[in-house]
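Enquirer: output the structure for:
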Amino acid sequence: MRQQADPVVLSKSQAAIESFLDELWSVNGLSDNTLAAYRSDLGLLACFLAGRKLQMKEASRRELQLYLKWRKDQEFAKSSSARVLSAIKRYYGFLLEKSQINQDPCVDLAAPKLDRKLPGTLSELDVELLLAEPDPEDTLECRDQAMLELLYATGLRVTELVGLTLEQVSLRQGLVRVVGKGGKERLVPMGEPATAALEYYLSSARGLLLGSRVSDVVFPSGRGQMMTRQTFWHRIKLYALRANIQGELSPHTLRHAFATHLLNHGADLRVVQLLLGHSSLSTTQIYTHVAKLRLAQLHSQHHPRG
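Expert: All right, here's what the predicted structure looks like:
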């Protein structure tokens, strides 16, 4: 059981954490949410150490190991502890840089091994049912159909889709220029069905959605503003319900389906990596497991000796 935190020691650690957060804000321009996460993660460590009469800067590698063990004993999620360790390493790197400590206690401190969760996806039949559900003669559903077609054809993240502007789309070339994580750009082909759906939407429903308003957003909401990812996600769930699609869906379901179906049909893993905008091939490799599972299921169901 943890000892009660020494209030004087804890106060000094909290002040040091705030100095670190001020530095992050001024130099790196981190968001309020990110700073709040750092404050929470480091604050819990400060409480743990204050219970041992130690300020943050006095912690050794042993104390940090004990803290991670305590988190494990308290059954914190592995993903949460991995995030916390990242914040701790950044904090002690800051102290070392400012000469407030002589040695980094985080050296060789290992993060908990995360369980690799396979992404949920849809079968090709389910995707066809989902894409066929919106009515192109209805203004909102015409927009939604173009969004669904584009999402499945390109594997965009939902945030990339709702933030898409007119200058990023080339109907003539059938390409979308995507600005992804870290401001990285990539060109993704749309394919004929998505290009046709998008062209029809732009020539009909989009003008009705905007009315007299002016916007460069490709898919405005009913109020003529950029749609939120939550709103689009509600729309997807509506069509999945109407199409009687079973199973768990996520905001990235069609992105996962895009990658899995490409691999099922023989696409090269590095090509899929480029299309998805992954900086590391290891991130894309998880889809090979999904594809293999799907192929194994098909073999079992349809082969006479499966």
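
Enquirer: V176 should be in a strand, yeah?
Expert: Yes - judged by DSSP: H, G, I helix; E, B strand; the rest coil, V176 forms part of a strand.

Enquirer: what's the span of stretch 248-255, first residue to last?
Expert: 14 Å (Cα to Cα, to the nearest Å).

Enquirer: quick one: it to chain centroid distance?
Expert: Offset of stretch 248-255 from its chain centre (Cα atoms, centre = their mean, to the nearest Å): 11 Å.

Enquirer: could you list the buried residues of it?
Expert: L249, H252, T253, L254, R255 (16 or more other Cβ atoms under 10 Å). (C-beta placed from N, C-alpha, C; glycine too.)

Enquirer: gap between Q173 and T195?
Expert: Taking Cβ to Cβ, to the nearest Å as the measure, Q173 falls 9 Å from T195.

Enquirer: grab the nearest non-local neighbour of I101.
Expert: L95 (4.6 Å; Cβ to Cβ, 6 or more residues apart in numbering).

Enquirer: then V218?
Expert: Closest to V218 by Cβ to Cβ, 6+ apart is L164, at 4.5 Å.

Enquirer: what of P136?
Expert: Excluding the flanking residues, the one nearest P136 by Cβ to Cβ, 6+ apart is C142, at 4.8 Å.

Enquirer: end to end on stretch 236-255, go ahead and measure it.
Expert: 13 Å.

Enquirer: meant to ask about stretch 52-70
Expert: Termini of stretch 52-70 sit 13 Å apart (Cα to Cα).

Enquirer: got it, and stretch 107-127?
Expert: 47 Å.

Enquirer: okay, domains of this structure per the record?
Expert: Annotated domains of the chain cover 7-97, 124-302 [automatic domain parsing].

Enquirer: on that earlier part again, next, the contact list for the residue nearest to V218, please.
Expert: Contacts here follow Cβ atoms under 8 Å, 6 or more residues apart in numbering; on that basis L164 touches L156, V176, V178, V217, V218, F219.

Enquirer: ranking by neighbours, what's the top pick from the residues you listed?
Expert: In terms of neighbours by other Cβ atoms under 10 Å, these top out with L156 at 27 neighbours.

Enquirer: and the residue nearest to that residue when sequence neighbours are not counted, what pLDDT?
Expert: Closest residue to L156 apart from its sequence neighbours, by Cβ to Cβ, 6+ apart: V178 at 6.2 Å. Confidence at V178, expressed as pLDDT, is 82.

Enquirer: if I look at V178, how far off is R255?
Expert: Counting by Cβ to Cβ, the gap from V178 to R255 is 12 Å.

Enquirer: which residues do these two both contact?
Expert: L156.

Enquirer: is the residue nearest to L156 bridged to anything, and to what?
Expert: Going by DSSP bridges, V178 is paired in beta bridges with R186.

Enquirer: what sits against it?
Expert: T154, L156, E160, L164, Q168, E185, R186, L187, V188, G277.

Enquirer: mind listing which of the buried residues of stretch 248-255 are in helices?
Expert: Counted as lying in helices by DSSP state H, out of those, are T253, L254, R255.
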